[in-house]
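*Asks:* Mind looking at a prediction? Sequence and model below.
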Amino acid sequence: NPVQIRATVDLYPRSRPSYDTGAHISENPDPCDNFRCKRGKTCKLNEKDKPSCVCQQATECPPSVNDFDHVCGTDNRTYDTSCELFATKCNLEGTKKGHRLHLDYTGSCKLIPQCVDTELVQFPLRMRDWLKNVLLQLYEHDSVTPGFLTPKQRFRVKKIFDSERRLQAGDHSVELLAQDFEKNYNMYIYPVHWQFAQLDQHPSDRYLAHSELAPLRVPLVPMEHCTSRFFQECDADKDKQVSFKEWTTCFGIKNDIVIFCPFLLVNKSLSFYLERNYTNQLQNNESLLNILLVSSCC
């Protein structure tokens, strides 16, 4: 996913960037070299010379190279880099300000127009089309340079790519997008399921936390002013995370069919039966859940 590739590189840098030019190599390896810390923290040796994670000072962050490194926080403050933002958040741990501070979007802070109801209704139309086109672009890239998609993903996307009915990429009216969704509904199911699975990584539990949504949401906010409100509305039960069911509902995907896998013939009636009679068992069986609900997207 191009959005996620950019987000991985630019938004979430390693807490201990290496500035070693190779001029000096220590005989004793640094215990912190392979010690991972979450964003905003860096590894330092404690009094027992054991590696531990402590909050990074914002002044220790590498300076921005250009304006593209700037990010806007939910406090409406422009930070020089995402490193500076997460370091600031870490040093505010335990405070309301720190709890509320998140990465809002890439680029310097600017006025984001209010998203009105009529625009909110149109947003998923464009978003569905965009997700479909992202997959089709990855399919084309993978045909030249394999590695962008797994064989199973290629199998699924090829059906969409080869279809003569699909709407070609372009700046289409919302009316045309709505008509195409109704006419070619099945083409949009896999892209929506696939994107959820790409984001649902840490942990893979069929729920998207704020941090998991960020790689998709953050780059979109400056371009699509309804992005934040859309994902807020998706969280129907207001538990601060978006479930798989909430995600599909937001994109207009019916929840009576939750699996489209070429290797597992799980039909509508079986899915309904499992969900109705074995909900608790499924929730306690992560491997089975992955097979039934999102394995086709991975």
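*Replies:* Sure thing, it's come through.

*Asks:* Show me the chain divided up by domain.
*Replies:* Per automatic domain parsing, the domain ranges recorded for the chain read 30-106, 117-297.

*Asks:* show me where this protein has strands.
*Replies:* Secondary structure of the chain by DSSP state E: the strands cover 41-45, 51-55, 71-73, 78-79, 103-106, 207-208, 242-243.

*Asks:* can you tell me which of the ones you listed comes nearest to Met223?
*Replies:* Met223 sits nearest to strand 103-106 of all the strands of the chain, at 9.1 Å, using CB to CB. Glycine gets a C-beta too; all of them are placed from N, C-alpha and C.

*Asks:* Kindly provide the whole-number mean pLDDT of that closest one.
*Replies:* Strand 103-106 shows a mean pLDDT of 94.

*Asks:* which ones are touching the nearest residue to Pro63 once chain neighbours are set aside?
*Replies:* Leaving aside its sequence neighbours, Pro63 sits nearest to Asp80 (CB to CB, 6 or more residues apart in numbering; 6.5 Å). Residues near Asp80 by CB atoms under 8 Å, 6 or more residues apart in numbering: 61, 63-64, 69-70.

*Asks:* buried subset of those residues?
*Replies:* Restricting these to buried positions leaves 61, 64, 69-70, with burial counted as 16 or more other CB atoms under 10 Å.

*Asks:* possible to save those as a markdown table with pLDDT and distance to Lys158?
*Replies:* A markdown table is the format used below for the buried ones among the contacts of Asp80 (pLDDT from 0 to 100; distance: CB to CB, whole Å):
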| residue | pLDDT | distance to Lys158 |
| --- | --- | --- |
| Cys61 | 96 | 44 |
| Ser64 | 96 | 41 |
| Asp69 | 94 | 38 |
| His70 | 96 | 40 |
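
*Asks:* Quick check: the farthest pair among these?
*Replies:* Across these (CB to CB), the longest gap, 12.5 Å, separates Cys61 and His70.

*Asks:* Mutual contacts of those two, please.
*Replies:* With CB under 8 Å, 6+ apart, Cys61 and His70 have common neighbours 80-81.
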